[in-house]
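>>> fold the following and give me the result.
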Amino acid sequence: MTVPAAGLPARVRVHEVGARDGLQNEKAVVPTEVKAEFVHRLAAAGLTTVEATSFVHPTWVPQLADAEQLFPLLGDLEGVRLPVLVPNERGLDRAMALGADRVAVFASATESFAKANLNRTVDEALAMFAPVVSRAKERDMHVRGYLSMCFGDPWEGPVEVGRVVRVCRALLDLGCDELSLGDTIGVATPGHVTALLTALTGAGVAVDRVGVHFHDTYGQALANTLAALQHGVTTVDASAGGLGGCPYAKSATGNLATEDLVWMLHGLGIETGVDLGRLSATSAWMADRLGRPSPSRTVRALTHQEQ
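Residues are numbered from 1 along each chain as shown. Predicted coordinates for the structure are as follows:
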């Protein structure tokens with residue numbers, strides 16, 4: 001039953017990360033043709049933004065070493081945004097050579113994770129991203145700025161809101177078009193989410209430039225998403241079937257499952273354009289390819305998968 005609630009947006013854009021953030025954390029390497037079919041199935045289910053791959057060095061993330069082979073297989077998808085992750089100028093060059101028009105850089109709010117993920121300090125990473133963003137904007141590319149560890153860090157503990165706001169402002173000042181606030185280890189709670197979004201608004205960051213990316217480590221991802229929606233956020237990252245985590249943060253468990261998100265949004269009368277049945281079938285299909293059931297409760301309920 002659809003029962004709308006007051007104070008929520010009429011429509012939410014789901015930023016699907018399963019093909020990139022989901023598959024990069026798999027132990028096994030998924031064949032390129034399976035990845036391409038996965039992206040096509042996600043698009044057919046109504047997802048209009050599907051993060052396709054990452055142009056990082058293969059030794060960092062071997063699961064995504066086939067970016068040059070995969071991206072051309074997606075050229076027939078019309079009306080679908082296909083952002084790709086680029087860690088540096090070399091990654092940007094590779095993405096540009098294949099005609100990508102949307103890229104993302106990935107920063108950290110904490111020094112410990114910046115060192116673990118990029119082998120740099122927070123400010124050194126921002127300096128590395130400056131020419132990447134500048135060159136991308138010269139080509140009229142859309143640039144997303146991911147920010148990890150916005151709520152807690154496995155080495156440093158809770159993260160002060162002010163530290164996150166500073167790096168968010170820096171990413172926007174570099175020229176990023178939008179931000180994605182990452183709860184990388186899943187420790188956020190709704191009050192913390194509201195506090196961060198309120199602080200960002202106070203720092204002049206428009207809510208329409210902010211997306212949220214929650215992990216479900218402590219079962220808080222949907223509650224945190226609802227808090228963000230109540231603040232006016234209309235872009236939510238999610239991963240089909242709940243795939244993925246983060247290979248550089250060992251306590252990071254799966255992303256918010258897209259099906260669980262869409263079930264809640266549709267129940268609230270919020271439009272997404274997503275066909276939940278087709279999406280669940282896609283995640284069940286991918287779970288079969290991975291040899292295990294989907295962690296998404298909604299997928300299991302709709303497709304009768306056993307845990």
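>>> CA only for contacts and neighbour counts going forward, please
Noted.
>>> now do the contacts for the residue lying closest to Val299 once chain neighbours are set aside.
Counting by Cα to Cα, 6 or more residues apart in numbering, Val299 lies nearest to Ser280, which is 5.1 Å off, once chain neighbours are set aside. Listed by Cα atoms under 8 Å, 6 or more residues apart in numbering, the contact set of Ser280 reads Ala240, Gly241, Glu259, Thr298, Val299, Leu302, Thr303.
>>> from Arg300, how far off is Ser280?
Distance, Ser280 to Arg300, using Cα to Cα, to the nearest Å: 8 Å.
>>> re the thing from before, checking the residue nearest to Val299 next. Helix, strand or coil?
Following DSSP: H, G, I helix; E, B strand; the rest coil, Ser280 is assigned to helix.
>>> could you save the contacts of Ser280 as JSON lines and add columns showing secondary structure and distance to Thr234?
Shown next, in JSON lines, are the contacts of Ser280 (DSSP: H, G, I helix; E, B strand; the rest coil; distance: Cα to Cα, whole Å):
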{"residue": "Ala240", "secondary structure": "helix", "distance to Thr234": "18"}
{"residue": "Gly241", "secondary structure": "helix", "distance to Thr234": "21"}
{"residue": "Glu259", "secondary structure": "helix", "distance to Thr234": "17"}
{"residue": "Thr298", "secondary structure": "helix", "distance to Thr234": "22"}
{"residue": "Val299", "secondary structure": "helix", "distance to Thr234": "23"}
{"residue": "Leu302", "secondary structure": "helix", "distance to Thr234": "26"}
{"residue": "Thr303", "secondary structure": "helix", "distance to Thr234": "28"}
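>>> any idea which of those is least confident?
Ranked by pLDDT, those bottom out at Thr303 (91).
>>> pull the contacting residues for it.
Thr303 touches Ser280, Ala281, Ala284, counting by Cα under 8 Å, 6+ apart.
>>> ok, it to Glu259 distance?
Using Cα to Cα, Thr303 is found at 12 Å from Glu259.
>>> quick check: which ranges of this structure have low pLDDT?
Within the chain, the stretches with pLDDT under 70 are 245-253, 305-307.
>>> same for the longest helix along it, what does it pack against?
Scanning the chain for the helix with the most residues, using DSSP state H, yields helix 122-138. For helix 122-138, the packing partners by 3 or more Cα pairs under 8 Å, 6 or more residues apart in numbering; DSSP states H and E come out as helix 89-97, strand 102-108, helix 111-118, strand 142-148, helix 161-174.
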